[in-house]
Each structure stands twice: as C-alpha cells, then as structure tokens.
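K.L.:
based on what follows, work out the 3D shape:
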Amino acid sequence: VDKLNYKSWWGLGNIYLKQEKSDKALKCFNYAASIYKNSAFVRTYIGMALMHLKNSETKALEEFEKSHALNPNTPLNSFMRIQALTKLNRIEEALE
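P.N.:
Model (predicted):
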C-alpha cells in the first residue's frame, strides 16, 4: 500500500469491508480521509463501515451527512443515508 495515496487505503478498506472486517475497513477509510479530507466518496465508505458495526448508525449518518455536504449528487451516499435513517426509525426524514 502506498502510504500517501488515499486510493490505496480506500482499496484495502474496501477489501476488508467485503470480508466483513468492518473494524479494519474503518481504520483504512479513516486513514484515506486523513490524506484526502474533502472526499465525499471516502466519507460514504466510512459510513458504510460504521453501518456494519453494532450501534453505530448515528455515527454512520453523521458521515453520510458530511459526504452530502461535500457532494450532494452522490447516489450511493443518498442510498446509504436513507438506510441509516430507516435503521434509526426516522422514516419521515428518509422519505424527504
């Protein structure tokens, strides 16, 4: 892994996420975010990793909101945000 390339850390995190190793994925995505702070894409994946951890839906939603603020036109982020809101039983917000 190239330590200065956020895409390398995102890729490694994505592998961990697919292996359902969410804690390791989260570490990789957070490292990628520390390299490229304004990436809506990386923020979405941080939220996705958090969604796989128990009782982390609120933190995941915060990441989806950060991603939305950086780029409101990301379909994956919109979908994941709706999933987080649904898990938090905030159905009316999810429908907006």
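
K.L.:
ok, and for the lowest-mean-pLDDT helix or strand in the chain, which residues are buried?
P.N.:
The helix or strand of the chain with the lowest confidence, counting by mean pLDDT, DSSP states H and E, is helix 91-95 at a mean of 91. For helix 91-95, the neighbour count (16 or more other C-beta atoms under 10 Å) marks no residue as buried. C-beta coordinates here come from the backbone N, C-alpha and C atoms, glycine included.

K.L.:
and what of stretch 78-95?
P.N.:
Met80, Arg81, Ile82, Gln83, Ala84, Leu85.

K.L.:
pick the one among those closest to Leu70.
P.N.:
Checking the buried residues of stretch 78-95 against Leu70 by C-beta to C-beta gives Arg81 as the nearest, at 13.0 Å.

K.L.:
tell me the contacts of that closest one?
P.N.:
Taking C-beta atoms under 8 Å, 6 or more residues apart in numbering, we find Arg81 in contact with Gly47, Leu61, Phe64, Glu65, His68.

K.L.:
okay, now the unreliable bits of the chain?
P.N.:
By pLDDT under 70, the low-scoring segments of the chain are 1.

K.L.:
surely Asn30 meets Ile46?
P.N.:
Yes - using C-beta atoms under 8 Å, Asn30 is in contact with Ile46, at 6.4 Å.

K.L.:
looking at those two, which one has more neighbours?
P.N.:
Ranked by neighbour count (other C-beta atoms under 10 Å), Asn30 and Ile46 place Ile46 first, with 25 against 15.

K.L.:
for the helix or strand the more buried one falls within, what is the distance to the chain centroid?
P.N.:
In the assignment (DSSP states H and E), Ile46 maps to helix 40-52. Offset of helix 40-52 from its chain centre (C-alpha atoms, centre = their mean, to the nearest Å): 1 Å.
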